[in-house]
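Chemist: Sequence first, then the predicted structure:
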Amino acid sequence: MMNAGREQLLDDKYAFEEAMAARIAANLRARRQRDGLTIGALAERTGIQYHTIHNWEMGCAVPSVPKLFWLCRAAGWKVSEIVGERRDQE
């Protein structure tokens with residue numbers, strides 16, 4: 001019985017992680033495009049490698065907390081714009 005509960009917890013954890021990766025990817029891409037930046041321009045502005053940002057936007061990886069904070073600081077964004085839920089009117 002306990003094993004089934006643990007399996008469900010892990011399933012929920014993985015689903016949550018995938019949803020967060022997708023949210024971060026979509027928000028990052030939308031914010032970058034709204035600012036008229038290419039991935040290359042954002043990489044140059046932040047000092048974060050092109051492929052790293054590309055992987056974040058594809059949802060293949062998520063930024064660590066320190067990199068997320070640096071990205072937002074260097075780009076002039078709020079962290080909540082990247083990790084928060086998107087609003088249709090934005």
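Modeler: Okay, I see it. Numbers count the residues shown, from 1 in each chain.

Chemist: Follow the chain on from the host helix or strand of Leu68 and name the next helix or strand.
Modeler: Using DSSP states H and E, the element containing Leu68 is helix 65-75. The element immediately downstream of helix 65-75 (helix or strand, assigned by DSSP H and E) is helix 79-83.

Chemist: contacts for that following helix?
Modeler: 20, 23-24, 27-28, 31, 68-69, 71-72 (C-beta atoms under 8 Å, 6 or more residues apart in numbering). Bear in mind the C-beta positions are built from the backbone N, C-alpha and C, glycine included.

Chemist: ok, the residues you listed vs Gly59, which is closest?
Modeler: In terms of C-beta to C-beta, no member of the contacts of helix 79-83 lies closer to Gly59 than Ile24, at 7.6 Å.

Chemist: Can you list the buried residues in the strand or helix carrying that closest one?
Modeler: Per DSSP H and E: Ile24 is located in helix 2-34. The neighbour-count criterion (16 or more other C-beta atoms under 10 Å) identifies 21, 23-25, 27-29, 31-32 as the buried residues of helix 2-34.

Chemist: and what of stretch 59-79?
Modeler: Buried residues in stretch 59-79, counting neighbours by 16+ other C-beta under 10 Å, are found at 59, 61-63, 68, 71-72, 75, 77.

Chemist: Report the mean per-residue pLDDT for it.
Modeler: Stretch 59-79 carries an average pLDDT of 97.

Chemist: CA atoms only for stretch 17-24, dumped as CSV, please.
Modeler: Taking C-alpha atoms only, stretch 17-24 is exported to CSV below (Å, rounded to 0.1, in the frame of the first residue of the first chain):
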residue,chain,number,x,y,z
GLU,A,17,8.5,19.3,-13.1
GLU,A,18,7.5,18.8,-16.7
ALA,A,19,4.7,21.5,-16.4
MET,A,20,7.2,23.9,-14.8
ALA,A,21,9.8,23.3,-17.5
ALA,A,22,7.1,24.0,-20.1
ARG,A,23,5.9,27.1,-18.3
ILE,A,24,9.4,28.5,-18.0
